[in-house]
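Engineer: what follows is a predicted protein model with its sequence.
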Amino acid sequence: MRTVLFIIQKEFIQVFRNRRMLPMIFLLPIIQLLILVQAATFEMKEIKVSVIDLDMSSASRQMISKFQGSPFFVIARTSFSDKQAENEMKKGTVDMILNIPHGFEEHLIKENQGKVQIVINAINGASAGLIGAYSTMIILDFNREILIDWLNPSMLAATKNIKISSSYWYNPKLNYKTYMVPGILVLLITIISLLLSGMNIVREKEIGTIEQINVTPIRKVQFIAGKLFPFWIIGLFELAFGLTIGKLMFNIPIIGSLWLIFLSAAIYIFVILGFGLLISTMTNTQQQSMLVSFFFMVIFILMSGLFTSIESMPVWAQNLDRINPLAYFIRIMRMIMLKGSGFHDIRVSFYSLVVYSIAIISIAVWRYRKVS
């Protein structure tokens with residue numbers, strides 16, 4: 001035990017002596033948290049619209065005012081030419097074209113129906129879907145106003161209405177930051193833990209001290225335990241600091257148990273440290289270790305459910321995601337922080353991380369070559 005403590009002491013001394021590593025551990029994650037939470041959002045605001053109003057009637061102006069009054073749309077251009085509006089969309093200055101044809105109001109009065117054309121830039125399919133949904137809601141609202149204004153009062157009294165009262169659970173204000181902060185916290189501690197553990201033994205190889213350690217009576221298990229434990233402490237500290245920032249800066253709710261969060265995090269960090277250690281045993285330079293770490297990190301992040309729903313992925317991708325530790329811990333964090341879930345609710349993901357940690361650390365220890 002004393003041997004492990006001496007190795008841990010040595011690792012902490014090396015960390016705090018390295019002036020380049022300190023900002024990466026303590027400063028960059030906070031900056032990334034503050035930036036990513038603000039930037040990583042699927043909310044659509046200030047959608048730029050080009051309006052072609054060929055009718056110039058009170059009904060067309062009423063519809064345009066509905067788009068102007070929406071928090072999602074901005075009337076960026078007005079014209080009477082389809083070609084000009086299309087050119088603006090090709091340049092990227094507008095995201096949508098609202099085309100109100102000539103005779104729109106006349107058709108509403110005489111035929112009880114009118115047509116408008118909406119052209120959406122669908123290069124980004126997700127954004128186009130949201131723009132289409134927002135536009136449809138505005139047009140439906142305009143349609144309800146027209147019915148109220150034009151219907152006979154006696155007919156309006158006979159109309160049956162269904163009143164809908166909505167209640168949103170776990171995120172009542174539909175704040176996207178509430179959804180993103182738990183996932184980004186997981187991302188940050190993953191990056192720090194994976195990079196530090198991945199470069200750990202490789203750094204010993206590069207500076208030539210690994211040979212000196214190999215000829216000492218230190219056992220392989222003692223050496224690896226002493227190497228991993230400091231970064232396990234640093235990972236838990238990063239999580240605690242990130243939760244504090246999330247609560248103070250973004251007022252993120254933490255409904256569930258903090259103890260359960262840190263218990264799950266302790267197991268998860270072992271998984272990532274074991275993965276980094278495995279990479280470290282298979283590479284010879286820090287540059288190789290960083291490249292391999294980033295390769296796996298990109299795959300883990302994109303398939304973790306941080307930005308896109310896992311349920312919407314193809315079946316083969318959902319099956320492949322069973323070996324993605326990020327997906328398990330992001331699910332755990334969101335369930336505990338936002339839903340207040342207990343251990344019974346997260347037990348499947350928790351036990352999966354336990355098995356994962358035992359397996360990956362065992363493989364890493366086996367891969368590390370040292371005579372006991």
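Structural biologist: Alright, I've got the coordinates. Residues are numbered from 1 along each chain as shown.
Engineer: what sits closest to residue 182 if chain neighbours are left out?
Structural biologist: Residue nearest to residue 182 in three dimensions, not counting chain neighbours: residue 333, with 4.0 Å by C-beta to C-beta, 6 or more residues apart in numbering. For the C-beta atoms, the positions are set from N, CA and C on the backbone; glycine is no exception.
Engineer: need the contact list for that neighbour.
Structural biologist: For residue 333, the contact set (C-beta atoms under 8 Å, 6 or more residues apart in numbering) comprises 182, 183, 185, 186, 261, 264.
Engineer: strands of the stretch 1-150 of the chain, residue ranges please.
Structural biologist: In the stretch 1-150 of the chain, the strands defined using DSSP state E, counting those that start in this stretch lie at 47-53, 73-79, 96-100, 117-120.
Engineer: can you say which of the ones you listed is nearest to residue 301?
Structural biologist: Residue 301 lies closest to strand 47-53 among the strands of the stretch 1-150 of the chain, at 27.4 Å (C-beta to C-beta).
Engineer: with distance to residue 59 added, can I get the strands of the stretch 1-150 of the chain in JSON lines?
Structural biologist: Below are the strands of the stretch 1-150 of the chain laid out as JSON lines (distance: least, C-beta to C-beta, whole Å):
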{"stretch": "strand 47-53", "distance to residue 59": "10"}
{"stretch": "strand 73-79", "distance to residue 59": "17"}
{"stretch": "strand 96-100", "distance to residue 59": "9"}
{"stretch": "strand 117-120", "distance to residue 59": "15"}
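Engineer: mean pLDDT and mean neighbour count added to the ones you listed, as CSV?
Structural biologist: Listed next are the strands of the stretch 1-150 of the chain as CSV, based on pLDDT from 0 to 100; neighbours: other C-beta atoms under 10 Å:
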stretch, mean pLDDT, mean neighbour count
strand 47-53, 91, 21
strand 73-79, 88, 16
strand 96-100, 92, 22
strand 117-120, 90, 15
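Engineer: could you report the pLDDT at the residue nearest to residue 182?
Structural biologist: Looking at residue 333, its pLDDT is 93.
Engineer: phi, psi of it?
Structural biologist: Here is the backbone geometry of residue 333 (degrees, to the nearest 10): phi -60, psi -50.
Engineer: ok, which of the strands of the stretch 1-150 of the chain comes nearest residue 242?
Structural biologist: That would be strand 47-53 among the strands of the stretch 1-150 of the chain, by C-beta to C-beta, at 32.0 Å.
Engineer: residues contacting residue 10?
Structural biologist: Residue 10 touches residue 226, counting by C-beta under 8 Å, 6+ apart.
Engineer: low-confidence ranges in this structure?
Structural biologist: 40-43, 148-164, 208-217, 369-372 (pLDDT under 70).
Engineer: how is it partitioned into domains?
Structural biologist: Under the assignment automatic domain parsing, the domains of the chain span 16-40+172-367, 47-153.
Engineer: where's residue 270 relative to residue 264, distance?
Structural biologist: Relative to residue 264, residue 270 is positioned 11 Å away (C-beta to C-beta, to the nearest Å).
Engineer: whoops, I mixed them up, residue 198
Structural biologist: 22 Å.
Engineer: who has more neighbours out of the two?
Structural biologist: residue 198 (31 against 23; other C-beta atoms under 10 Å).
Engineer: who does the helix or strand where that one lies touch, helix- and strand-wise?
Structural biologist: Per DSSP states H and E: residue 198 is located in helix 176-207. Counting contacts by 3 or more C-beta pairs under 8 Å, 6 or more residues apart in numbering; DSSP states H and E, helix 176-207 packs against helix 28-39, helix 209-214, helix 220-250, helix 258-282, helix 286-302, helix 325-334.
Engineer: looking at these, which is closest to residue 74?
Structural biologist: The nearest among the helices and strands packed on helix 176-207, by C-beta to C-beta, is helix 28-39 at 19.7 Å.
Engineer: elements contacting that closest one?
Structural biologist: helix 176-207, helix 220-250.
Engineer: the closest residue to residue 265 other than its chain neighbours: neighbouring residues, count only.
Structural biologist: In space, and not counting its chain neighbours, residue 265 is closest to residue 239: 5.2 Å by C-beta to C-beta, 6+ apart. Using other C-beta under 10 Å, residue 239 has 23 other residues around it.
Engineer: quick one: contacts for residue 239?
Structural biologist: 185, 189, 261, 262, 265.
Engineer: assess the claim that the third one and residue 337 are in contact.
Structural biologist: Yes - taking contact to mean C-beta atoms under 8 Å, the distance of 7.1 Å between residue 261 and residue 337 places them in contact.
Engineer: what is in contact with these two at once?
Structural biologist: Going by C-beta under 8 Å, 6+ apart, residues that sit against residue 261 and also against residue 337 are residue 254.
Engineer: more neighbours, those two?
Structural biologist: Neighbours per residue (other C-beta under 10 Å) separate residue 261 from residue 337, with residue 337 holding more: 23 against 20.
Engineer: can you report phi and psi for residue 310?
Structural biologist: Torsion angles, degrees, to the nearest 10, at residue 310: phi -60, psi -30.
Engineer: between helix 325-334 and the helix holding residue 198, find me the angle.
Structural biologist: Here helix 176-207 runs at an angle of 140 degrees relative to helix 325-334 (axes from the mean of the first three to the mean of the last three C-alpha atoms, to 10 degrees).
Engineer: centre of the chain to helix 176-207, how far?
Structural biologist: 15 Å (C-alpha atoms, centre = their mean, to the nearest Å).
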